[in-house]
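Q: Okay, predicted coordinates and the sequence, questions at the end:
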Amino acid sequence: MSTAFHRTVRRAVPAALAASALFPASASAHGLVGRTDLPIPDWMFAWGAAIVLIASFVALGTLWPRPRLQRHRVRPLFTVPGFVEPLCGLIGVAAFAVVVSCAFAGSTIALANLAPTVIYVHFWVAIPLLSVLFGNVFRLFNPWRAAYRGLTAVLFRLAPSLDAAPLRYPAWLGRWPAVAGLVGFGWLELVYVDRDVPATLGALALAYAFVQLVGMSLFGEETWSERGDAFGVYFGLAARLSVWERRGRQLCRRPLLSGVPDLDMVPGTVALLCTIIGTTTFDGASNGALWTEVAPHVQTFLTDRGLSLTVAGELTFSLGLALCIGVVAGFYRLGIAGMRSVDPRRDPGELARSFAHTLTPIALAYVLAHYFSLLVFQGQAIVYLISDPLGTGANLFGTANTQVDYTLISTRAIWYVQVAALIAGHVAGLVLAHDRALEVFRSDQRVAVRSQYWMLTVMVGFTCLGLWLLSAVNA
Amino acid sequence: MTRGRALRCLLAGALLSPLATLPLLHGAAAAGLLALAPVLVVVATLLVGRYPGARALEALAMRSRRRPAVGRLRACRRLDGPTVPRGGLLVAASLAGRGPPSVGPLLT
């Protein structure tokens, strides 16, 4: 016990630094401290990014005369062996069981328990980035799908007359359940006071798994996974940016970005993308000077109305989260309204849906830029947590004494990665918007060009906002 | 000037007005405003109905639309000149010059 205590204390100093990266309520979430040695001021990066976007816009206008991404061909590479999917599903279920067990049975200190780090860092941040690199990996390891498949395999053998999807999924519901799930997770991560209590996380993980099983059994595995599973939908969106695609058991290669225009624009898709960007925006904004100045006033106003300090704090942060999602959605709608001013015959809802997929690379760019330092530093914690997942002083794999290496990458390098991610994401968004505009406004070149000025505005706006948030957090 | 356009001009002016306060600001506020300056300028320009460089872009886009792709140009050029049969084409040409071998006796 004493060894465990000393080990915990020994980890406390780096852990305190890591805590600032893991839990946004602390002083400088995902903190880059001391990035004061940049050759030019932060705001100049925003100007530079705007210039890059404008140059890309001109280049696209002159060198990309026909749509290239709307219809594409995939190149089949090889067939994935049949045992891979059940094996990966089994690994996913086992990993889920380990994380939930640790959440309930492990240490109540968040940083000594495997569950919070795995959920907030490896699951929430690493999987989307892995999906961009390697395709929809989560679909293979999805524990809820695997558990459902296992259960139904047994049930259908016992009662072959059972219906795999007794209810028809309502068309109006679209991706709204996924939106609700992502808002819920965003609220948990950024607003809820007990967000780092392992047992709470474990209970919520179990509740989420239960909802997924019920959803799949009511509406069918595929339908629910592609509409209602918040994480499945989110990681699936990220995977659309990848060059790898699975068609049945065939692994295929497709041209870069060509998976994004295929996104079916069912209800809730625009809201889903705005939620991803808005949640990340609030994560950054809530650590900036503006929010830390405004929030206490709102909180005091609410406590004066008789609310407890905790409830007032949560309500304040909830309002901030909703405001950020609203601002992102409003800015996108402004771009759409601008496009419509060029061609008033178009329906704004239809235009919003036609160009919503262009927000996908932006959402991922925001995630990478905002959480990169968290992933690089706190992500290393898995090395010691895997040996001591419960925080009891165990050393299962001999790595329990390793520590987070804060010299792995310099703060300046992190800043450059963040800037590059934001610019690349927005240039990709611009490419997708340009390609779609050529398709949508096929009959009128003038309208096609002018409509894209508005999408350029949206991209410049999100880039400047992203860089401002990062610089405000890092200041 | 129509009412809608006047409103848009007013909105553009309102968007740009914070930039006028820049010399008075310091620290985070000034840096934040400077970081957001490009988007304010771009939105204001579009709001007043100006699309800088749009005509030049349209002309360039039309020109590149009319211009055939490089691959197609090469294909056209290949068809233009006389083709000297070589390799597989030579075999094909020589086979095409005579009829197929008779299979009559084999069938009977």
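A: Structure's in. What do you need? On a predicted model such as this, the values are computed, not experimentally measured, just so you know.
Q: Quick check: residues of chain B near chain A?
A: B:28, B:31-32, B:34-39, B:42-43, B:46, B:51, B:53-54, B:57-58, B:60-62, B:64-65 (C-beta under 8 Å from any C-beta of the partner chain). Where C-beta positions appear, they are placed from N, C-alpha and C, glycine not excepted.
Q: Where is the longest helix in chain A?
A: helix A:309-342 (DSSP state H).
Q: Find the closest residue to chain B in the stretch 151-300 of chain A.
A: A:Ala289 (4.4 Å; C-beta to the nearest C-beta).
Q: Verify the stated contact: that residue with A:Val473.
A: No: applying C-beta atoms under 8 Å as the test, A:Ala289 and A:Val473 come out as separate, 9.6 Å apart.
Q: And the two? Which one has more around it.
A: Between A:Ala289 and A:Val473, counted using other C-beta atoms under 10 Å in any protein chain shown, A:Val473 has the larger neighbour count: 22 against 16.
Q: Which residue, other than its chain neighbours, is closest to that one?
A: Using C-beta to C-beta, 6 or more residues apart in numbering or on different chains and skipping residues adjacent in sequence, the residue nearest A:Val473 is A:Asn287, 4.6 Å away.
Q: elements contacting the helix ranked longest in chain B?
A: Criterion DSSP H: the longest helix present in chain B is helix B:27-47. Using 3 or more C-beta pairs under 8 Å, 6 or more residues apart in numbering or on different chains; DSSP states H and E, the elements in contact with helix B:27-47 are helix A:42-63, helix A:289-304, helix A:445-474, helix B:3-20.
Q: Show me where chain B dips below the pLDDT cut-off.
A: Along chain B, segments meeting pLDDT under 70 span B:1, B:65-83, B:97-108.
Q: Just give me the residue right at the centre of it.
A: Nearest to the geometric centre of chain B sits B:Ala61, at 6.3 Å (C-alpha atoms, centre = their mean).
Q: A:Pro65 is in contact with that one, correct?
A: Yes: using C-beta under 8 Å, B:Ala61 is in contact with A:Pro65, at 5.9 Å.
Q: so which strand or helix has the residue nearest to A:Val473?
A: Assessed by DSSP states H and E, A:Asn287 sits outside every helix and strand.
Q: A:Phe78 should be in a strand, yeah?
A: Yes: A:Phe78: assigned to a strand according to DSSP: H, G, I helix; E, B strand; the rest coil.
Q: how near is it to chain B?
A: 29 Å (C-beta to the nearest C-beta, to the nearest Å).
Q: which SS class is the nearest residue to that residue once chain neighbours are set aside?
A: Among residues not flanking A:Phe78 along the chain, A:Leu251 sits closest, at 5.8 Å (C-beta to C-beta, 6+ apart). The three-state label for A:Leu251, taken from three-state DSSP, comes out as strand.
Q: Spit out the contact partners of A:Leu251.
A: A:Pro76, A:Leu77, A:Phe78, A:Thr79, A:Val80, A:Gly135, A:Trp244, A:Glu245 (C-beta atoms under 8 Å, 6 or more residues apart in numbering or on different chains).
Q: Test of understanding: give the bridge partners of it.
A: A:Phe78, A:Arg246 (DSSP bridges).
Q: Need the pLDDT of it.
A: Note on A:Leu251: pLDDT of 92.
Q: before we move on, back to that, wait, the residue nearest to A:Val473 sits on A:His370?
A: No: using C-beta under 8 Å as the test, A:Asn287 is too far from A:His370 to be in contact (10.2 Å).
Q: Quick check: closest non-adjacent residue to A:Val183.
A: A:Thr275 (5.8 Å).
Q: Could you verify my assumption that the one you found touches A:Phe185?
A: No: between A:Thr275 and A:Phe185 there is no contact under C-beta under 8 Å: 9.8 Å.
Q: higher neighbour count, these two?
A: Between A:Thr275 and A:Phe185, counted using other C-beta under 10 Å, A:Thr275 has the larger neighbour count: 27 against 21.
Q: by contact count, what packs against the host helix or strand of the more buried one?
A: Element membership for A:Thr275 (DSSP H and E) is helix A:269-285. Helix A:269-285 makes packing contacts with helix A:176-190, helix A:230-239, helix A:309-342, helix A:348-355, helix A:359-378, helix A:445-474 when contacts are defined by 3+ C-beta pairs under 8 Å, 6+ apart.
Q: Mind telling me which of those the model trusts least?
A: The bottom spot among the helices and strands packed on helix A:269-285, by mean pLDDT, belongs to helix A:445-474, with a mean of 86.
Q: Check which helices and strands it is in contact with.
A: helix A:42-63, helix A:269-285, helix A:309-342, helix A:359-378, helix A:411-440, helix B:27-47, helix B:54-66.
Q: and the ones you listed as a markdown table, adding distance to A:Thr399?
A: As requested, those are arranged in a markdown table below (distance: least, C-beta to C-beta, whole Å):
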| stretch | distance to A:Thr399 |
| --- | --- |
| helix A:42-63 | 38 |
| helix A:269-285 | 30 |
| helix A:309-342 | 36 |
| helix A:359-378 | 16 |
| helix A:411-440 | 25 |
| helix B:27-47 | 41 |
| helix B:54-66 | 57 |
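Q: looking at these, which is closest to A:Cys102?
A: Ranking the helices and strands packed on helix A:445-474 by proximity to A:Cys102 (C-beta to C-beta) places helix A:359-378 first, at 16.4 Å.
Q: Could you count how many residues lie near A:Ala97?
A: Neighbour tally, A:Ala97, other C-beta under 10 Å: 12.
Q: Three-state assignment for it, please.
A: A:Ala97 - assigned by three-state DSSP - is helix.
Q: Correct me if wrong: A:Cys102 contacts A:Asn113.
A: Yes: between A:Cys102 and A:Asn113 there is a contact under C-beta under 8 Å: 5.9 Å.
Q: Out of these two, name the residue with the larger neighbour count.
A: Per other C-beta under 10 Å, whichever of A:Cys102 and A:Asn113 has more neighbours is A:Asn113, with 29 against 22.
Q: how much space between that one and A:Ala209?
A: Remark: distance between A:Asn113 and A:Ala209 (C-beta to C-beta, to the nearest Å) = 19 Å.
Q: Then B:Pro85?
A: Distance from B:Pro85 to A:Ala209, by C-beta to C-beta: 69 Å.
Q: What strand or helix carries A:Val193?
A: Here A:Val193 is assigned to no helix or strand, by DSSP H and E.
Q: For B:Pro18, which non-adjacent residue is closest in space?
A: B:Leu33 (5.9 Å).
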